[in-house]
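# Below are the sequence and a predicted model for it; my questions follow.
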Amino acid sequence: MTSARRWGAHLVAALLTLPLLAGCGDQGGDDRTVDGPGASEPPVSRAASPQTDLCSLLTPEEVRALAGKPLPLAREKAGDGGTRVCVWGRPTKVGLQLGAVPASEWAEGLPEAVAALEESGAHAGDPDLAWLRRGASAVSAGRALKGDRACRLFERLLALNGVAGARDWYVSAAPAAAPQLLSGQACRDGWFATLQLVRPGLTGSTAETARMGAAFEALLGRAALSRTAR
């Protein structure tokens, strides 16, 4: 498996499990920090936007709205395989982490994710699964999905997991009983993004979810503009 395909599989699998984790007692898969030894960082290719400062996709005001206080200056980090993430603050205490990647790269994980769904027997016969299966078949045949199509498949994935309404982002709190982490994913205009927020006092409330949704609205708009400006 190529590194890009492995990164895509990781991100798709993370999204697939979020609704299930939010409704059950075992949140071990998402109760994690985003820095330090053994940390799990959103895999983002350096090819995603070579002329874009990843940390510029969120303003200090937007970061403060999420964290509840100003955070130290952002820093971009290189992870495994040349991944790119931007980190504000101290993610083991109060911090925010952002990753963004072309949606076509995110979609490279569809074959593995769809195979896992089919193996579980969940959603058999669901038309959304049929759409995802066709996208996965195209990827398996070596065809790169266009960004807009990849984002439409992302929305199908949200619908398959019970996200109501025509929404292109999703936020989950983990663990559900006493949240320590808000984790979200979004896809729009050919871009896929992840956000992870760690801070004391998280509740997973509608207001917290809405603030992360607003951050996705802002950063995906800037990512799309940076792409068209090149």
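Nice, I can see it. Residues are numbered from 1 along each chain as shown.
# Tell me the pLDDT of Val114.
At Val114, the pLDDT value in this model is 88.
# how deep is the closest residue to it other than its chain neighbours tucked in, by neighbour count?
Here the nearest residue to Val114 in space, its sequence neighbours aside, is Ala136; by CB to CB, 6 or more residues apart in numbering that works out to 4.2 Å. C-beta here means a position set from N, CA and C on the backbone, and glycine is covered the same way. Per other CB atoms under 10 Å, the neighbour tally for Ala136 reads 25.
# so Ala136 sits in a strand?
No. Checked against DSSP: H, G, I helix; E, B strand; the rest coil, Ala136 lies outside a strand; its state is helix.
# Tell me how far it lies from Leu160.
The gap separating Ala136 from Leu160 is 13 Å, by CB to CB, to the nearest Å.
# Also Lys69?
Distance, Lys69 to Leu160, using CB to CB: 37 Å.
# likewise Arg134?
With distances taken as CB to CB, Arg134 is found 14 Å from Leu160.
# Between the two, which is the more surrounded one?
Between Arg134 and Leu160, counted using other CB under 10 Å, the more crowded position is Leu160 (19 against 12).
# Can you report phi and psi for the nearest residue in space to the more buried one that is not next to it in sequence?
Excluding the flanking residues, the one nearest Leu160 by CB to CB, 6+ apart is Asp128, at 4.3 Å. Here is the backbone geometry of Asp128 (degrees, to the nearest 10): phi -70, psi -40.
# all numbers from here: first residue = 309
OK, 309 is where the count begins now, so the last one is Asp436.
# list the contacts for Asp436?
Arg464, Leu465, Ala467, Leu468 (CB atoms under 8 Å, 6 or more residues apart in numbering).
# out of those residues, what pair is the most spread apart?
Leu465 and Ala467 (7.3 Å; CB to CB).
# Kindly state the beta-bridge partners for the residue lying closest to Lys401 once chain neighbours are set aside.
Excluding the flanking residues, the one nearest Lys401 by CB to CB, 6+ apart is Val506, at 7.3 Å. Assessed by DSSP bridges, Val506 has beta-bridge partners Gly403, Leu489.
# Same check on Glu384?
Note on Glu384: beta-bridge partners by DSSP bridges are Cys394.
# Make sure it is actually in contact with Trp396.
No. Using CB atoms under 8 Å, Glu384 makes no contact with Trp396, being 10.8 Å away.
# before we move on, the earlier item: tell me which residues touch the residue nearest to Val422, please.
Per CB under 8 Å, 6+ apart, neighbours of Ala444: Leu418, Pro419, Ala421, Val422, Ala423.
# Let's see that with 10 Å instead.
By CB atoms under 10 Å, 6 or more residues apart in numbering, the residues touching Ala444 are 320, 415-423, 425-426, 437, 453, 461.
# Kindly indicate which of those lies nearest Lys401.
For the contacts of Ala444, the closest approach to Lys401 (CB to CB) belongs to Val320, at 29.6 Å.
# quick one: low-confidence parts of the chain?
For the chain, the stretches with pLDDT under 70 are 309-360, 386-391, 472-474, 533-538.
# Much appreciated, bye for now.
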